[in-house]
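[1] Provided below for reference: sequence and predicted model.
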Amino acid sequence: MNEARHFLHQQKPGDSPWSIRTRLGMLLFDYAWMFLCVWTPKPANAWRLLILKMFGTRIEGRPFVHQRARFHTPWNVVLRDCACIGDRANLYSLGRIEIGAGATIAQEAYLCTGTHACDQPSRHLITAPITVGSEAFVGARAFVMPGVVIGAGAVVGACSVVTRDVAASTTVAGNPARAIPRKMQVAHAG
């Protein structure tokens, strides 16, 4: 698991952990994405990447971002060459999310870097980064918890809930996601 956890303290439960400047940046990005990107056709990927870059997303090479993908805080996102963010995939990037080269985040997958300290009266926000290794695949509607590292070439099955790191070249599925033995992987592939 990623060890860099950040505790954002709030005085009381309803307080925002974000500065006014950060909240304005989030609001400005939401409107920019809605008016400048959501309606664009798939071939307008370069335009969407430009908008993301303008809001601080670190982009290497040429990843693909679907027009209906969702980003909470784009300046916390790193997209490497040929990474793919699918239709309605949600990068809830309260903390850093890094998507490796050639990795795919399938439609409606949800990568969540935030949780709450439920043992504290303030229930303050806790963030931890998510890293998806190169050539990894996160299936449709999978949910990835804060602090998880998905290794290079790993596969996360559709609708899985990933609560722990996934080793490189491993296939996991279920809730909570568990490794699938090699013989079952071959049987399902045919």
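    Nice, I can see it. Numbers count the residues shown, from 1 in each chain.
[2] Sort out which residues of the helix ranked longest in the chain are buried, please.
    When the chain is parsed with DSSP state H, its longest helix is helix 20-36. Within helix 20-36, the residues scored as buried using 16 or more other CB atoms under 10 Å are 25-26, 29, 33. Where C-beta positions appear, they are placed from N, C-alpha and C, glycine not excepted.
[3] Got the phi and psi for V166?
    Dihedral angles of V166 (phi, psi; degrees, to the nearest 10) stand at phi -110, psi 120.
[4] That one contacts A154, doesn't it?
    Yes: here V166 reaches A154: they are 4.5 Å apart, a contact under CB atoms under 8 Å.
[5] what sits in contact with each of those two?
    With contacts defined as CB atoms under 8 Å, 6 or more residues apart in numbering, the residues shared by V166 and A154 are 136, 172.
[6] picking that back up, now, among the buried residues of helix 20-36, which is nearest to F137?
    When those are compared for distance to F137 (CB to CB), W33 comes out closest, at 24.8 Å.
[7] Does that closest one touch H72 like I think?
    No: counting by CB under 8 Å, W33 stays clear of H72, with 10.6 Å between them.
[8] rewinding a little: what does the longest helix of the chain rub up against?
    Defining contact as CB under 8 Å, 6+ apart, one finds that helix 20-36 is touched by 16, 18, 47, 51, 54-55, 71-75.
[9] Which of these fall in strands?
    When these are checked against strands (DSSP state E), the matches are F71.
[10] for this protein, which spans come out with low pLDDT?
    1-15, 122, 182-190 (pLDDT under 70).
[11] one more time with 80, if that's ok
    1-18, 117-118, 120-124, 182-190 (pLDDT under 80).
[12] Going along the chain, name the helices of it.
    Along the chain, the segments classed as helices by DSSP H run 20-36, 45-54, 182-189.
[13] So for P146, which of those helices sits nearest?
    Closest to P146 of those is helix 20-36 (CB to CB; 18.3 Å).
[14] With only the CA atoms kept, save stretch 156-169 in PDB.
    This file holds the C-alpha atoms of stretch 156-169, laid out as PDB (Å, rounded to 0.1, in the frame of the first residue of the first chain):
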ATOM      1  CA  VAL A 156      -9.000  -6.100 -11.800                       C
ATOM      2  CA  GLY A 157     -12.300  -7.800 -12.700                       C
ATOM      3  CA  ALA A 158     -15.500  -5.900 -13.300                       C
ATOM      4  CA  CYS A 159     -17.400  -4.800 -10.200                       C
ATOM      5  CA  SER A 160     -14.600  -5.700  -7.900                       C
ATOM      6  CA  VAL A 161     -13.800  -3.800  -4.700                       C
ATOM      7  CA  VAL A 162     -10.000  -3.500  -4.300                       C
ATOM      8  CA  THR A 163      -9.000  -2.900  -0.700                       C
ATOM      9  CA  ARG A 164      -5.400  -4.100  -0.900                       C
ATOM     10  CA  ASP A 165      -2.500  -3.900  -3.200                       C
ATOM     11  CA  VAL A 166      -2.600  -6.100  -6.300                       C
ATOM     12  CA  ALA A 167       0.700  -7.700  -7.300                       C
ATOM     13  CA  ALA A 168       2.100  -7.200 -10.800                       C
ATOM     14  CA  SER A 169       0.600  -9.700 -13.400                       C
END
